[in-house]
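Visitor: Let me see the structure of the following:
(2 chains)
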Amino acid sequence: MLLNIIVLIKQVIDPDIPTAEFKIEPGTSEVATPFNIPPVINGFDENALEAALRIKDSQETTVTALSLGKYFSMDVVKKSLSMGVDNLILIEDSQDRSGFDSSITAKILSTAIKKAGNFDLVLAGRQASDWDNAQVPQIISEHLGLPCVTLAKSIDITNNNVTVERQLPNGTEIVQTSLPAIITVSNELGQPRYPTLRGIMFAARKEPIVWTPQDLGLSESTLTSQLQLTDLYIPTSSTECEIMTGQDAAAAGRNLALKLRKEKLI
Amino acid sequence: MEINNSKLILILGELDDQGLSSSTVELLSIGRTLADSTGKSLSIALLGSMAQKIAKQAIAYGADFVYVLSNPLLDSFQIDLSLSALDQLSEKLNPEIILLAKTLSGRDLGPRLAARLEVGLIQDCVKIELDPSTEKIIGHRPVFGGNIMATVTSTKFPQMVSLRPKSSSPLEPDGTRQGTIEQFRPSINVSQIKTRIIQSIKEENNEVRLEDAKVVVAGGRGLGNSDSFKDIQLLAKLLGGAPGASRAAVDAGWVPHIWQIGLTGKTISPDLYITIAISGASQHMAGCYGAKVIVAINKDSNAPIFKDAQFGVVGNWQEVLPAFIDTIHELTD
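Guide: Presented below is the predicted three-dimensional model:
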């Protein structure tokens, strides 16, 4: 049985840049694109790519990466191809609205998944490191009427059944469902693979398929927001840290303990 | 639903072994404040065979109406059934506001219920307030790993909001409060189940649950190996608390996943949180939002943890920690 897997990937601001690099565009409710720092594929989405490629390692599978955004860095999104993905579909939106309102993102992606053709499995990262909504795959499951399993650390497909090991805060859970399904992947699945030389050469040649929301039959009037972003602000810390010292590190450690006792914290 | 004349706030409650879950008690506190300041009534949905027994507890914590969905199919959380049942209740009550907690089950339930009701979900709020002119909810939510805060409102009704656990304090229960308990019988059956739980493996951490601990001692990547976490465990035990770790230490395989604190781990709210060799990346800090006092031991004076910590030592943990532990030994003997 040939499997068709679609992996949803998102290009995001590198979450590991220093806190001070996160800025708001003055006079707007937009997050500033950090200067000279390339974006990355959302970390959990790379775990989802790895999950798809592990399935491809063991059975005949076509993997398609699908992404929505206003601007794509080809070096970034083509990493999926160099890791081993077969096709890349990019939906170029005239507006950057992939942020706070997950319902629009989910609507566009659901329509694109249907247009992309037959699929058995949709995979996505558990949440995106930019807007942290953790909603899009769940909403897509409603639009497409698919069973939805979240927080996968392993995925096993046998015939038409899929068995998912979920990583939960207090242990693990084994869940079964049937295909087609949508599954979100957590970092416990393991490190995403590095691109291979062959993959890099393939990615260089391979042209992504580019659609717009209009190509999907979605006019601007069908993409009305259900949420409104009213403001962005940088959180302030009111805490002043009292640094304990001493003649050496050990004395500082001792003074810290004495201070905590004095403050009745221990 | 563009127009909504309903005067009703609906909380999607969760139960645990002790009764109402702690996040549900927090929601009742937030909901009560909202209800009192807008003249609305506060309702809560409780699911499963235990719901009837717990209903009075919900009234004591602030609910005016308790909707009991006592179908035993709802005893343990099964997404397809809970979703269908709560969708039916929401359609019947037509609430103006729906509140839920961003717990494990809330994360699956919230976005899907919002999709069925054709509204947006303001996810993972750490604070909500009312717009004084429109009386609409403004949700404050951390984005970009907590480096930026966003305020979001709904353009449709019901306004649906999920709250991060531990972002508010519960009310004191009042056993004399009056309220109404009603049965609601949703039409659900096993044929709606699309995902089946085959096995649940609970890992027990320690005597003290990390989420409930008054003191938490956690270590990070800087500890270097799993052996060093023995000191973390020792110190936690000495202070009657629980040990924890950053994601980096868990990813390195030094400690089990159940120790993980942060955006993709557990959310803690101890009175005292002692961090050893944890840099304090915002993804970690997202899990200790509710900690009252943070103490940091870190060799890097520029580590972001010192921005949130109240007391700290800049130094190598190998030198600082033994003296710190010895002194605590002397003080607590």
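
Visitor: Apart from its chain neighbours, what residue comes closest to B:L73?
Guide: Leaving aside its chain neighbours, B:L73 sits nearest to B:L81 (5.5 Å; criterion: CB to CB, 6 or more residues apart in numbering or on different chains). For the C-beta atoms, the positions are set from N, CA and C on the backbone; glycine is no exception.

Visitor: how about that neighbour, what does it touch?
Guide: B:73-74, B:188, B:192-193 (CB atoms under 8 Å, 6 or more residues apart in numbering or on different chains).

Visitor: Swap in 6 Å and give it another go.
Guide: The neighbours of B:L81, taking CB atoms under 6 Å, 6 or more residues apart in numbering or on different chains as the test, are B:73, B:188, B:192.

Visitor: for A:T177, same thing?
Guide: Applying CB under 6 Å, 6+ apart to A:T177 gives the contacts A:147, A:162, B:194-195.

Visitor: what does the average pLDDT come to for whichever strand or helix holds it?
Guide: Following DSSP states H and E, one finds A:T177 within strand A:171-178. For strand A:171-178, mean pLDDT is 96.

Visitor: what about the longest helix belonging to chain A, near chain B?
Guide: Scanning chain A for the helix with the most residues, using DSSP state H, yields helix A:43-58. No: Helix A:43-58 stays clear of chain B (CB under 6 Å from any CB of the partner chain), getting no nearer than 8.4 Å.

Visitor: Look up the residues forming beta bridges with the residue nearest to A:I243 when sequence neighbours are not counted.
Guide: Leaving aside its sequence neighbours, A:I243 sits nearest to B:G312 (CB to CB, 6+ apart; 5.4 Å). Taking DSSP bridges as the rule, B:G312 bridges to A:I243, B:A296.

Visitor: Mind pulling up the pLDDT for B:G312?
Guide: 96.

Visitor: what helix or strand is A:R97 on?
Guide: With DSSP H and E as the test, A:R97 turns up in no helix or strand.

Visitor: Tell me which helix or strand the nearest residue to it once chain neighbours are set aside sits in.
Guide: Nearest non-adjacent residue to A:R97, counting by CB to CB, 6+ apart: A:I104, 5.6 Å away. In this structure, A:I104 sits in helix A:102-115 according to DSSP H and E.

Visitor: Show me what that helix packs onto, helices and strands only.
Guide: On a contact count with 3 or more CB pairs under 6 Å, 6 or more residues apart in numbering or on different chains; DSSP states H and E, helix A:102-115 meets helix A:136-144.

Visitor: hmm, try it at 7 Å
Guide: If you count contacts as 3 or more CB pairs under 7 Å, 6 or more residues apart in numbering or on different chains; DSSP states H and E, helix A:102-115 packs onto strand A:61-69, strand A:87-92, helix A:136-144.

Visitor: Nearest approach to chain B belongs to which of those?
Guide: helix A:136-144 (3.8 Å; CB to the nearest CB).

Visitor: Give me the angle between the closest one and strand A:61-69.
Guide: Orientation of helix A:136-144 against strand A:61-69 (axes from the mean of the first three to the mean of the last three CA atoms, to 10 degrees) gives an angle of 110 degrees.

Visitor: CA atoms only for helix A:136-144 - export them in CSV, please.
Guide: The C-alpha coordinates for helix A:136-144 follow below in CSV (Å, rounded to 0.1, in the frame of the first residue of the first chain):
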residue,chain,number,x,y,z
VAL,A,136,-4.4,24.5,13.9
PRO,A,137,-4.2,20.7,13.6
GLN,A,138,-7.2,20.3,15.9
ILE,A,139,-9.3,22.7,13.9
ILE,A,140,-8.3,21.0,10.6
SER,A,141,-9.5,17.7,12.1
GLU,A,142,-12.9,19.3,12.5
HIS,A,143,-12.9,20.7,9.0
LEU,A,144,-11.9,17.4,7.4
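
Visitor: Look at the residue nearest to B:L73 and report its pLDDT.
Guide: For B:L81, the predicted pLDDT is 98.

Visitor: Just to be sure, it is in a helix?
Guide: Yes: using DSSP: H, G, I helix; E, B strand; the rest coil, the secondary structure at B:L81 is a helix.

Visitor: I'd like to know how far it sits from B:E14.
Guide: From B:L81 over to B:E14 the distance is 15 Å, taken as CB to CB, to the nearest Å.

Visitor: Same check on A:R166?
Guide: Applying CB to CB to A:R166 and B:E14 gives a distance of 18 Å.

Visitor: Over to A:A51?
Guide: Remark: distance between A:A51 and B:E14 (CB to CB) = 29 Å.

Visitor: okay, those two: which has more neighbours?
Guide: Just comparing A:A51 and B:E14: by other CB atoms under 10 Å in any protein chain shown the higher neighbour count belongs to A:A51, 29 against 24.

Visitor: Would you confirm that that one contacts A:E188?
Guide: No: A:A51 is not in contact with A:E188 according to CB atoms under 7 Å; the separation is 11.0 Å.

Visitor: what are the ranges of the helices in chain B?
Guide: Going by DSSP H, chain B shows helices at B:22-38, B:51-60, B:79-93, B:104-116, B:229-238, B:247-251, B:282-285, B:305-308, B:317-332.

Visitor: Nearest to B:K202 among those helices would be which one?
Guide: Of all these, it is helix B:104-116 that lies closest to B:K202, at 12.9 Å by CB to CB.

Visitor: dump the residue contacts of A:S73.
Guide: A:11, A:38-39 (CB atoms under 7 Å, 6 or more residues apart in numbering or on different chains).

Visitor: Could you list the low-pLDDT ranges of the stretch 51-200 of chain B?
Guide: Regions of the stretch 51-200 of chain B meeting the criterion pLDDT under 70 are absent.

Visitor: Which residue, neighbours along the chain excluded, lies closest to the closest residue to chain A within it?
Guide: Nearest to chain A in the stretch 51-200 of chain B, going by CB to the nearest CB, is B:G120, at a distance of 3.3 Å. Closest residue in space to B:G120, ignoring its immediate chain neighbours: A:Q226 at 3.3 Å, by CB to CB, 6+ apart.

Visitor: tally of neighbours for that neighbour?
Guide: Neighbours of A:Q226 using other CB under 10 Å come to 20.

Visitor: Mind splitting the chain into its structural domains?
Guide: Going with chain A. Split into domains by automatic domain parsing, chain A comes to A:3-222, A:236-266.

Visitor: I was thinking of chain B, sorry if that wasn't clear
Guide: If you go by automatic domain parsing, chain B breaks into B:8-192, B:215-332.
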